[in-house]
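A.B. asks: sequence and predicted structure, then a few things I'm wondering about:
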Amino acid sequence: MTAHRINRRLFVTSGAGVLGLAVYNTITACSKSSPPSTAEPAPSVAATQENTGWKRVTLGFVSAYVLVRGKEAAVVDTGTPGSGESIHTGLQAAGADWATVKHVLITHYHQDHAGGVDELFPHVKASFYTGAADAGNIVSDADIKPLDDGADVFGLRIVSTPGHTAGHISILDTSTGTLVAGDALRTQNGLEGSDPQFTADETAAIASVKKLAGLDVKAILPGHGEPLTSGAKEALQKLAASL
């Protein structure tokens, strides 16, 4: 499968021809529990865990996360196409700005997580990253650097969690036990794994949940649903045992 970007339109093709078209401000969802909206979301920013430096930026049915440490900031996921201004507003609410962003990490290539990359790129002097197997699927003006399991970015541990996509990554802040899980985990209906409807490899997705359950996790920040900041480790271990 190959992705081609033409002026803000993304054509996804295979040998059989055009399979799909994502247009600027049109949303491709990763979660059937939260239907997409074409309205521009009003961003809200909330602390996700006291004194961790992590802030959640709510972008309608999907979330991005901002980590501010000293004079630098990292952004995890960029929302849907059209989310750039909302991400900026979220940064400002978190006490940061474009100039402080040095790291942009994308959990996976789906448009509701990577759709805003080109809107951040002109404003930040940052490195852009995603999982090695997903890097080729993000067509962008930014140089998307591939990350392997165990890599370190801004003091954050990259955890390879394939299944939802082949190159899906989660990000673990080992200093606070905060796990930014992308779509490897979701919380709209209690803690669950990757939504099967949007999962490339269900067996791998289950293995990724079990892998995450072995980590020292104190808070889970999902792409879809509310952050889980109490009893996260126990809930994750219970989920893994049920799969």
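C.D. replies: Yes, it's here.
A.B. asks: mind listing the helices for the protein?
C.D. replies: For the chain, the helices defined by DSSP state H occupy 84-93, 111-114, 117-120, 202-213, 232-242.
A.B. asks: just name the most buried of the ones you listed.
C.D. replies: The highest mean neighbour count among the helices of the chain, using mean count of other C-beta atoms under 10 Å, belongs to helix 111-114: a mean of 27. Yep, even glycine has a C-beta here, placed from its N, CA and C like the rest.
A.B. asks: what bits of the chain have low per-residue confidence?
C.D. replies: For the chain, applying pLDDT under 70 flags the ranges 1-51.
A.B. asks: mind running it again at 90?
C.D. replies: 1-53 (pLDDT under 90).
A.B. asks: which residue is the nearest non-sequential neighbour of Val124?
C.D. replies: Among residues not flanking Val124 along the chain, Val101 sits closest, at 4.3 Å (C-beta to C-beta, 6 or more residues apart in numbering).
A.B. asks: that neighbour: neighbour count?
C.D. replies: Val101 is flanked by 22 other residues according to other C-beta atoms under 10 Å.
A.B. asks: that older thread, any idea which of the helices of the chain gets closest to Gly225?
C.D. replies: helix 232-242 (12.3 Å; C-beta to C-beta).
A.B. asks: next, the angle from the closest one to helix 202-213.
C.D. replies: 140 degrees (axes from the mean of the first three to the mean of the last three C-alpha atoms, to 10 degrees).
A.B. asks: give me the contacts around helix 232-242.
C.D. replies: Here helix 232-242 makes contact (C-beta atoms under 8 Å, 6 or more residues apart in numbering) with 177, 179, 185, 191-193, 209-210, 212-213, 216-220, 228.
A.B. asks: from those residues, which is closest to Leu243?
C.D. replies: Val209 (6.0 Å).
A.B. asks: can you name the residues bridging to the residue lying closest to Ile106 once chain neighbours are set aside?
C.D. replies: Among residues not flanking Ile106 along the chain, Thr130 sits closest, at 4.1 Å (C-beta to C-beta, 6+ apart). Per DSSP bridges, the residues bridged to Thr130 are Ile106, Pro146.
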